[in-house]
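J.: return a 3D structure for these sequence lines:
(2 chains)
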Amino acid sequence: MAMSEALALDRRSRVWALAAAGACLLALLPQLPPAFAAGCIGLAVLTTLASRRRPLPGWVRAALALALVGMVLSMSGFRLGRDTACALLAAMLALKPAELRSLRDARSLVGFALFAPFSTFLLDQGPLSMALGLVGATVALAALAQLSDVEAQAGAAPTPRARLAGVGRLVLLGLPLALAAFWLFPRLGTPLWGVPERAIARPGLSDEMSPGEWLDLMNDDRPALRVSFRGPPPAPSQMYWRGPVLMDYDGRSWTRARDLALLPVPATTPTDARWDYEMVVEPSDRSSLVALELPGAAPAGARLDHDYSLHARAPLTSISRWRLQASPPAAFEAQLPPFLRERALRLPAGYNPRTVALGRQWRREAGPRGDAAIVERAMAMVRAEFGYTLSTPLPGRHSADEFLFEWKQGFCEHFSSAFVILMRAAGIPARVVTGYAGGYRNPFGDYWIVRNQDAHAWAEVWLEGRGWVRADPTAAVAPERIYDTIDDRANAGGFGALPGVAPLFDVGDWLRRGWNDLVLGFDASRQMALLRPLGLGGTGMRGLVALFAACAVLALAWMLWLAARAGRERDPVLAAWHRLGARYARLGLGRAPHEPARQWARRVAEARPADAAALLALSVRFENWRYARSRDAADAQALVRDLRRHRPARNARPESMP
Amino acid sequence: MRALRRRLDARFDAWSRRRSPASLPVRFDRHRIYVLPTRFGLFFGALLLTMGVGALNYNNNPALLLCLLLGGAGLASLLQAQLQLADLEVHAIGAEPVPAGTPAQLRVHVRAPPGRVRRVRRGLRVQCAGASATLSLEAGTGEAGLALPTTVRGWLQPGRVRLSTTRPLGLARAWGYAWPDMPVLVYPAPEADGPPLPAGQGEHQHSRIAPQGDDVHHLREWRRGDSRRAVAWKASARRDALLVREFEQPVAADVVLDWHGLHPLGAEDRIRRLARWVDEAERASRRYRLCLPGKATIGPGQGATHRHACLRALALLPRQERGHGHV
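T.: So this is what the prediction gives:
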């Protein structure tokens, strides 16, 4: 064993091991910053070339490893997170070929490389990652097969294609068991330990908003959530998915008031309209959730804040599924406590003097009871003078002033921020609400897709008697940018611009949704739901384990049968002939491998006269088929049938030899 | 540690051994093929376990699927390893006799059960009595040559033949045992230095042809390699062809290799000396006779068959507990 472990690698095995490491690394690279990924590729190529003849000296490897660790850590600002760990893994994997010398090294390289697709899935679960990960794992298994052949000195190696085919067969053999375990192995309802967070957040809704920073989000057309309504959906202009509510402004950015989160949920007066929906949320690595209008109650696993924003108990690192009810309120927190009122009016001193002056002027003109009129006046001004654009200059110190009096163009962040500042200056309690607006209905599967680019920010103003009321200045300017429909999409270019592409996209997303539903979003609760139709709903974990055991045994039996079949004779005539021989072998009259058919039949006939005639006839027919080459398909079929039918006579005792 | 390991091995042998060695052909019974993970297999298992626990904890389904696919493929590879060995047969086994101390070239012929010849069986490891070799089956049959170390004369039972494989992935080793009843003969080791062959005795004087000597026996045609001094120049001139003289060398009568004549020596020393003399007599092309206690005299004779008979008789003499015993 020790001898074979230290075996030097031949060229072919080396190439296989490196290919496995490369394929696994490739799955991880798209999830890393592009410059770093390119660096990893360069490093991998360099170390492979440099260590082609002999491994790099130990001190060079140690120095490189230290340098890489330092680089990765400094890149993430010395915060350890999931992405940092994955970047480290990629860097080490790129460095590992430097010590590839023996069979043992190659095996440890391949085993180590298998962590790369695994960690890819911790960062991303999209189809590209899945496909690349699967390729990486397959090549890694093929490399293991090659290494095992070298260890066993199995002689001539098969072609790479045959090698991959062999591995594919292994994977297929194990597939039923793997799938049974996937769906039926008891899942953890609550995690044993938390998922480490990312050190560098990906773009998405957050507890903070600075006007002008959402550009990457607005250009990201990946889905953020998929929603299916039970019953009629709301009109597109009512599809406001409320996310984090931002109360505090420091002159530059809006932040959520965390200290208010634990206040009791205020009373609302619901209207008659109710929407019942299920929402599948893509992983965002944040705990904030969005909900249509005001959710009736927090679903299990989430908590409802004072401002009716939902927060999951743990960051959403994988696909999650939420069942919610929503209704637009008739009155939302109609009694505003004084300290909240004061908070919703607070503005930092020394920022946006012109906006503040304008707000005060409007208040003087409208009188103390003119809140609604002020809001109306602001909306009218926006509608008349403002435009929508995604290309805005960087804001200076007085961002609201610049937007309201100079550019007069911007997108939702500018509109909502300036609007709220203006309202607060006029003495109307107001706050910024972020979330998504609109959605796209996929005709396949009848569900709605809300994309990252549907991210939106609007305002809520507090009016006497009605409580918090939504005011969306952006929608007043560019409703088509907010309430996404097929027509707008077709006009705006992108996917719908080419005829015939939109349906393809729809079908693609529909498939993706099915995949999310069946595979990615599968968890403990869905697993229990699986038991219900089988009548095992009440048995809980015990029923699940029993079902898993039963399926695993079935899968193993299938595996055994399939694996045993692989080596079996393919020719049906030969197979039937061998089986016939096996039947006589049980009586001690098996055919010796060197024995011709007819000679064997004669030998059996002597011992068992009862079988003589039939067996001799069969053996003659078999010999004719085998050697006279009368390859008539019908003949062969008849022969197979007769061979299968023939049984040694039950009562015939072998006669004692004379 | 090592002693414990050896004891465990011995224990396992005793447990897994059949009651008696079977006559050929012997089969590697499907139900008696053992599969255990290799060290790399354990490493791979630990890796999958880590992945699986992590994936379950994070409820990360692609990661779990990857882990399960790898695990399924690993299990399938165990199955394939087992199936490669299942029902293989050792149908012939044999070795040319060798003197003790030199390795015997044991040839183990293995064949696949009929109807299962298409399965790929390459890189199987055959181990027997401390020797090992690789075996690959082509069209269902294959042969492995093992250099079996020999130490003492007599019958050598190769004991159990262990057939193992770590293919296809190297995660687990499947192995099985067979106990073919096919002993190998080991000749006694000849003495290294010793007195020359005893002079011949007996009435059957005869002679042999030699390139040198006193009496010319006959002339024959020149062949490549003949010494120039042996050429009969006069005769060649007469016949117009190169002729070479050959001489008749009178040789003493049959050599008698007698056990009783080696009185002061111990039994094993006598056997070694006799074995050496047998070889020397054979090399000198002399007829010889072997007299052993309690047995009929072998010979006189000469040639491979006679040599084998003599060495076999020597090899199978009863062994003494101590080297200086008296027969």
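J.: send the alpha carbons of stretch B:118-134 over as CSV?
T.: Taking C-alpha atoms only, stretch B:118-134 is exported to CSV below (Å, rounded to 0.1, in the frame of the first residue of the first chain):
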residue,chain,number,x,y,z
ARG,B,118,-17.6,-9.5,-21.3
ARG,B,119,-17.0,-7.8,-18.0
VAL,B,120,-13.8,-5.7,-17.9
ARG,B,121,-11.4,-7.3,-15.5
ARG,B,122,-8.1,-5.6,-15.6
GLY,B,123,-5.5,-5.0,-13.0
LEU,B,124,-6.6,-7.7,-10.5
ARG,B,125,-3.9,-8.4,-7.9
VAL,B,126,-3.1,-12.0,-7.3
GLN,B,127,-1.3,-12.7,-4.0
CYS,B,128,-0.1,-16.0,-2.8
ALA,B,129,2.4,-16.9,0.0
GLY,B,130,4.0,-13.4,0.0
ALA,B,131,4.3,-13.0,-3.7
SER,B,132,2.1,-10.9,-5.9
ALA,B,133,1.4,-10.2,-9.5
THR,B,134,-1.1,-8.4,-11.7
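J.: next, see if it gets close to chain A.
T.: Yes: applying C-beta under 8 Å from any C-beta of the partner chain, one finds stretch B:118-134 in contact with chain A at B:118-119, B:122-125, B:134. C-beta here means a position set from N, CA and C on the backbone, and glycine is covered the same way.
J.: which outside residues touch that stretch?
T.: Here stretch B:118-134 makes contact (C-beta atoms under 8 Å, 6 or more residues apart in numbering or on different chains) with A:149, A:151-155, A:566-570, B:83-85, B:88, B:103, B:106, B:108, B:110, B:112, B:135-137, B:142, B:144-149, B:156, B:158-165, B:167.
J.: go through that stretch and flag the buried ones.
T.: For stretch B:118-134, the neighbour count (16 or more other C-beta atoms under 10 Å in any protein chain shown) marks B:119-129, B:131, B:133-134 as buried.
J.: element containing whatever residue of the stretch 151-300 of chain B ends up closest to chain A?
T.: Nearest residue of the stretch 151-300 of chain B to chain A (C-beta to the nearest C-beta) works out as B:Gly170 at 3.2 Å. Counting by DSSP states H and E, no helix or strand carries B:Gly170.
J.: now it, nearest residue through space, not along the chain?
T.: Leaving out its chain neighbours, the residue that sits closest to B:Gly170 by C-beta to C-beta, 6 or more residues apart in numbering or on different chains is A:Ser148, at 3.2 Å.
J.: what count of nearby residues applies to A:Pro34?
T.: 9 (other C-beta atoms under 10 Å in any protein chain shown).
J.: who's in contact with the residue lying closest to A:Ala455 once chain neighbours are set aside?
T.: Nearest residue to A:Ala455, sequence neighbours excluded (C-beta to C-beta, 6+ apart): A:Leu217, at 5.0 Å. The contact partners of A:Leu217, by C-beta under 8 Å, 6+ apart, come to A:203-204, A:452-453, A:455.
J.: any weak-confidence spans in chain A?
T.: A:1-7, A:194-203, A:481-501, A:536-539, A:565-570, A:629-631, A:650-658 (pLDDT under 70).
J.: hang on, A:Gly243 in a helix?
T.: No: counting by DSSP: H, G, I helix; E, B strand; the rest coil, A:Gly243 falls outside a helix, being strand.
J.: residues contacting it?
T.: A:Gly243 is in contact with A:205, A:288-290, A:309, A:433-436, counting by C-beta under 8 Å, 6+ apart.
J.: pLDDT at B:Asp215, what is it?
T.: You'll see B:Asp215 listed with a pLDDT of 67.
J.: coming back round to it: please identify which helix or strand holds the residue nearest to A:Ala455.
T.: helix A:215-218.
J.: the residue lying closest to A:Phe332 once chain neighbours are set aside pairs with what?
T.: Of all residues not flanking A:Phe332 in the chain, A:Gly467 sits nearest, at 4.0 Å (C-beta to C-beta, 6+ apart). With DSSP bridges as the criterion, A:Gly467 is bridged to A:Phe332, A:Leu463.
J.: how about A:Gly467, what does it touch?
T.: A:268, A:329, A:331-334, A:336.
J.: between which two of the residues you listed is the distance greatest?
T.: A:Pro329 and A:Leu336 (14.1 Å; C-beta to C-beta).
J.: quick one: stretch A:627-643 near chain B?
T.: No: judged by C-beta under 8 Å from any C-beta, stretch A:627-643 and chain B are separated, with a smallest distance of 12.8 Å.
J.: what residues of that stretch count as buried?
T.: Neighbour-count burial for stretch A:627-643 [16+ other C-beta under 10 Å]: A:636, A:639-640, A:642-643.
J.: ok, A:Pro443 touching A:Asp506?
T.: Yes: between A:Pro443 and A:Asp506 there is a contact under C-beta atoms under 8 Å: 6.2 Å.
J.: higher neighbour count, those two?
T.: For A:Pro443 versus A:Asp506, the count of surrounding residues by other C-beta under 10 Å is larger for A:Asp506: 19 against 12.
J.: so is that one in a helix, a strand, or just coil?
T.: Per three-state DSSP, A:Asp506 ends up helix.
J.: try B:Pro158
T.: Classified using three-state DSSP, B:Pro158 is coil.
J.: check A:Trp600 too.
T.: Per three-state DSSP, A:Trp600 ends up helix.
J.: related to what we said a few turns ago, pick out the most distant pair among the residues of stretch B:118-134 next to chain A.
T.: Spatial extent of these (C-beta to C-beta) is set by the pair B:Arg118 and B:Arg125 at 21.5 Å.
J.: count residues in the vicinity of the residue of chain B found nearest chain A, would you?
T.: Nearest to chain A, among the residues of chain B, is B:Gly72, at 2.2 Å (C-beta to the nearest C-beta). For B:Gly72, the count of nearby residues is 25 (other C-beta under 10 Å).
J.: check contacts around it.
T.: Going by C-beta under 8 Å, 6+ apart, B:Gly72 touches A:171, A:173-178.
J.: on that earlier part again, listing partners with orientation, what would you give for the helix or strand following the helix holding A:Leu217?
T.: Scanning forward in sequence from helix A:215-218 by DSSP H and E, the next helix or strand is strand A:223-230. Strand A:223-230 has the following sheet partners, assigned by DSSP bridges: strand A:275-281 (antiparallel), strand A:447-451 (antiparallel).
J.: most tightly surrounded among those?
T.: Counting by mean count of other C-beta atoms under 10 Å in any protein chain shown, strand A:447-451 has the highest mean neighbour count of the strands paired with strand A:223-230, with a mean of 22.
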